[in-house]
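In: Please work out how this folds:
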Amino acid sequence: MAPPKQHVHAQESRDCGRGRFDFSAREAREPLGYSKTLYQKMLDAQESRQTVPMLDITRAAGWSDEWDRMVDVWEHTDEAELNSRAQTPGYCWDGLPASAPDSDHPSDGFYLFVRDGRPVQFVRYQLSRYPIQLLRGVVVTKETVLTYQGSKLRPQ
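Out: Purely as a prediction, here's the structure:
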């Protein structure tokens with residue numbers, strides 16, 4: 001009798017030469033600043049319905065300027081596509097959002113902050129309250145100006 005086949009998990013077969021980043025970490029590192037504070041400042045900017053530079057939002061939250069791009073990570077985000085947008089080739093991503101198995105409702109999403117091709121920090125958002133809407137392929141930099149359009153902030 002042949003031994004049972006061993007299943008190789010997708011994580012084990014991936015080339016993670018540059019590193020791994022975990023969106024599901026209970027104690028997320030916050031080297032840039034408090035994620036909850038930035039999320040609240042994003043919501044405040046959305047509610048003000050004003051045009052605002054992204055750098056003004058992060059600075060109002062007390063965040064460090066040690067990031068150069070922000071990308072949106074939503075349900076069923078593909079790793080290759082995320083690496084392309086984030087400019088993080090060779091990274092593996094754990095805890096990417098997916099619909100909850102017992103629900104028709106999608107999970108939360110993330111705003112991922114990157115510096116020099118390395119993920120630094122994420123901010124979790126609720127899909128019912130996401131203040132900044134990014135279309136597929138769009139990234140935000142410190143210089144990006146956000147305008148209020150159709151109930152969301154969007155890059156100009």
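In: how about residue 93, phi and psi?
Out: Main-chain torsions, residue 93, degrees, to the nearest 10: phi -120, psi 120.
In: Check residue 48 too.
Out: The phi and psi torsions at residue 48 (degrees, to the nearest 10) take the values phi -70, psi -20.
In: Could you count how many residues lie near it?
Out: Applying other C-beta atoms under 10 Å, we find 11 residues neighbouring residue 48. From N, CA and C alone the C-beta is placed, and that goes for glycine too.
In: next one: residue 55
Out: Summarising burial for residue 55: neighbours were counted as other C-beta under 10 Å, giving 16.
In: Now do the SS call for it.
Out: Secondary structure, DSSP: H, G, I helix; E, B strand; the rest coil: residue 55 is helix.
In: Look up the closest residue to it, ignoring the ones flanking it.
Out: Residue nearest to residue 55 in three dimensions, not counting chain neighbours: residue 142, with 4.3 Å by C-beta to C-beta, 6 or more residues apart in numbering.
In: dump the residue contacts of residue 131.
Out: Counting by C-beta atoms under 8 Å, 6 or more residues apart in numbering, residue 131 touches 39, 42, 43, 45, 46, 125, 152, 153.
In: The same query, at a cut-off of 10 Å, please.
Out: Shown in contact with residue 131 (C-beta atoms under 10 Å, 6 or more residues apart in numbering): 39-47, 57, 111, 125, 146, 148, 151-153.
In: Could you do residue 138 as well?
Out: 71, 72, 85, 144, 154, 155.
In: Of these - the most surrounded one?
Out: Of those, with other C-beta under 10 Å as the count, residue 71 tops at 24 neighbours.
In: SS state for it?
Out: Judged by three-state DSSP, the three-state class of residue 71 is strand.
In: before we move on, the earlier item: just the buried subset of the contacts of residue 131, please.
Out: Buried residues within those, defined by neighbour count using 16 or more other C-beta atoms under 10 Å: 39, 41, 42, 43, 45, 46, 57, 111, 125, 146, 148, 153.
In: Among those, find the lowest-pLDDT one for me.
Out: Across the buried ones among the contacts of residue 131, the smallest pLDDT goes to residue 125, namely 91.
In: buried ones in the host helix or strand of that residue?
Out: Residue 125 is located in strand 118-125, with elements delineated by DSSP states H and E. Of the residues in strand 118-125, 119, 120, 121, 122, 123, 124, 125 count as buried by neighbour count, 16+ other C-beta under 10 Å.
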